[in-house]
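[1] Build me a model from this:
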Amino acid sequence: MAISTALDRIDREILTHLAKNARRTNKELATEVGLSQSACLERVRRLTDLRIIRANHADVDPAAFGIGLQAMVSVQLKHHNRSAVARFEKSAIGLPQVMALYHLTGRMDYLVHAVAEDMEHLRDFTLDAITSLSDVSRVETSLLFRAITKPVWPNLID
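    Numbering: from 1, shown residues only. The predicted structure is shown next:
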């Protein structure tokens with residue numbers, strides 16, 4: 001059974017509210033979804049035990065960590081086999097400037113979400129850390145002007 005079929009409307013409503021603000025109290029959450037506090041708490045515990053709720057995060061301003069710019073670095077690998085993919089992923093995700101890796105179809109194999117203090121730092125990261133990896137054939141870097149994200153996954157079930 002797929003996870004999505006194991007969830008009902010109230011479970012998805014709980015997930016939506018928690019994704020928007022995970023710091024709300026159980027009392028507030030129970031009121032918002034129309035459950036008793038004990039029933040709400042039990043559902044949240046079940047969703048956590050099932051690893052549907054995987055973690056709670058704070059939305060922190062990147063500038064607090066000295067991050068002045070963000071970029072998407074498209075990476076093409078020399079070889080497309082499991083060992084090359086595994087080596088690249090292990091090396092790239094271990095770099096402190098890498099926030100996320102996205103394995104893609106198409107001309108480029110990966111999209112790397114990278115952060116840097118400034119343009120010089122980004123250039124050094126790209127030249128010294130990414131292009132120097134033995135499995136990398138080609139890179140293209142695009143600066144992020146702004147990132148707009150949704151805090152909640154869309155409900156594609158109903």
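
[2] What count of nearby residues applies to residue 96?
    Look at residue 96: counted by other Cβ atoms under 10 Å, it has 9 neighbours. Using the backbone N, CA and C atoms, a C-beta is placed for each residue, glycine as well.

[3] could you list every residue that touches it?
    Under the criterion of Cβ atoms under 8 Å, 6 or more residues apart in numbering, residue 96 has no neighbours.

[4] The same query, at a cut-off of 10 Å, please.
    114, 115, 125, 129 (Cβ atoms under 10 Å, 6 or more residues apart in numbering).

[5] Which of those fall in helices?
    Within the contacts of residue 96, no residue falls in helices by DSSP state H.

[6] Looking at these, state which has the most neighbours.
    For the contacts of residue 96, neighbours tallied by other Cβ under 10 Å; top is residue 114, 25 neighbours.

[7] any idea how far that one lies from residue 72?
    8 Å (Cβ to Cβ, to the nearest Å).

[8] Same question for residue 64.
    To residue 72, residue 64 is 22 Å away according to Cβ to Cβ.

[9] out of these two, which sits in the busier spot?
    residue 72 (16 against 7).

[10] ok so that one is a strand residue?
    Yes - counting by DSSP: H, G, I helix; E, B strand; the rest coil, residue 72 is located in a strand.

[11] Which pLDDT value does the model give it?
    pLDDT, residue 72: 97.

[12] where exactly do the strands run in this structure?
    For the chain, strands defined by DSSP state E occupy the ranges 69-77, 98-103, 110-116, 136-144.

[13] just those strands: most buried one?
    Mean neighbour count (mean count of other Cβ atoms under 10 Å) peaks for strand 110-116 among those, with a mean of 20.

[14] so can I have a markdown table of the contacts of residue 96 showing distance to residue 82 and pLDDT?
    Formatted as a markdown table, the contacts of residue 96 follow (distance: Cβ to Cβ, whole Å; pLDDT from 0 to 100):
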| residue | distance to residue 82 | pLDDT |
| --- | --- | --- |
| 114 | 24 | 98 |
| 115 | 28 | 98 |
| 125 | 26 | 96 |
| 129 | 23 | 95 |
